[in-house]
Every structure is written in C-alpha cells, then in structure tokens.
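> take a look and give me a structure for this.
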Amino acid sequence: MRSPQMRRFGLGAVLALALAVFGLAPTASAAPAPAELTFTTDSATTTPGGSVKLSMTLTNNNTYDVWFVYQTIEPTWLTTQRPDLKYKFSGCSLTTTNGAAPCTGTGPANLGGNYGTTIPPGQSRTVTLTLDVAADSGCNGNIGFYSYFYAEFSDSTNVSGGPVYTPVTRVLCS
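Numbers count the residues shown, from 1 in each chain. The predicted model follows:
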C-alpha cells in the first residue's frame, strides 16, 4: 500500500510533467553575452554610384568597463563570388553624446579602436561606416559582411564573438 507521501509525490510528478508538456513550466532565462555586436543599415538597396550607412553597435552587458576591442570586417563568401560588385568603405563616425565624431580604421581589420574610450556597463557605442558602391559596379548582387570581435574588460576577463553578419545591401540598376 502507498503512503500519503508517495501519492503526493506521484500527483506532483504528473502535474510537473503536464506543465512541461504543455509549455507552462517556468523556463530558465539565459544571461546576455558580456558584450554584443549588432549591425544595421540605413537602406537595404542602393545603385551603382550610391552609398549605404552601415552601423555597428557594441553593447557592454558586463558589470565591468570594456577597455579594449579588436574587430574585423570581411566580405561574405557570396559577396566575393561577384567580382563585378565594386565597393569600398570611405567614411567612419562614432556616435557620441555631443554628436558624431570622426574615427579611423574603416576595415577590414582593427575596427575596435573606433569605439572610442571605455564602454561602461550597460552602455553601447555605435560606429557608422559609409559603404560606397562604385559607379561602374555590377548590378543585381548582394554585398554583405561578417565580423569577429574580441573585447577585454576592466576585471581582466575577455570575450570573443562572431561571426556576426551585417544586413545585405542589394545593388540595383534602374
């Protein structure tokens, strides 16, 4: 014969199983990465001779300052398969509380210096690169990039991330 504790345990197990099966059980939430890199563009398309602003935002989700960032940006494999697509990065600006400030290192490597000084916990820095498409570029192709980054924090820890992919820019001809 079962004891009352066994019956309660059985009922609890059945209830927990039912909640899990129907998705009502509480779930553990994953902590955000200590540093996160995201990309946006101001336009999904452009034409030969046009330009697109590619913004990179580095967010510090850690409890310590980001002291150092190293970041690369490279064309995706599909982009490299279209030699008729001609483009280059021409400008760089860092968004600050006082407006945009110029930066350097527009690719393909060591973009990390563009984020400026330390990034305090919970804050972000956004760098915008100008992607110029040559007037004699081919059409109907996508230009896309991927990035890897490495960040060091003031507590001597570090994190590596990537690949992080940019939105693609479609080069259209009218």
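> dihedrals phi and psi, residue 155?
phi -90, psi 10 (degrees, to the nearest 10).
> who does the residue positioned nearest the centre of the chain bridge with?
Centroid check for the chain by Cα atoms, centre = their mean gives residue 38 as the closest residue, at 2.3 Å. Beta bridges link residue 38 to residue 57 when assigned by DSSP bridges.
> so it touches residue 32, yeah?
No: assessed by Cβ atoms under 8 Å, residue 38 is found out of contact with residue 32, at 11.9 Å. Using the backbone N, CA and C atoms, a C-beta is placed for each residue, glycine as well.
> what sits against residue 43?
52, 53, 169 (Cβ atoms under 8 Å, 6 or more residues apart in numbering).
> so it: helix, strand or coil?
coil (DSSP: H, G, I helix; E, B strand; the rest coil).
> distance of it relative to residue 115?
According to Cβ to Cβ, to the nearest Å, residue 43 and residue 115 sit 24 Å apart.
> for residue 89, same thing?
Distance from residue 89 to residue 115, by Cβ to Cβ: 16 Å.
> looking at those two, which is more packed in?
Legend: neighbour count by other Cβ atoms under 10 Å for residue 89 and residue 115, higher for residue 115 (24 against 18).
> now that one: closest residue in space, sequence neighbours ignored.
Of all residues not flanking residue 115 in the chain, residue 125 sits nearest, at 4.3 Å (Cβ to Cβ, 6 or more residues apart in numbering).
> is it true that the one you found lies in a helix?
No: secondary structure of residue 125 (three-state DSSP): strand, not part of a helix.
> pretty sure it sits against residue 113.
No: using Cβ under 8 Å, residue 125 is not in contact with residue 113; the gap is 11.3 Å.
> the more surrounded of the two?
Just comparing residue 125 and residue 113: by other Cβ under 10 Å the higher neighbour count belongs to residue 125, 20 against 15.
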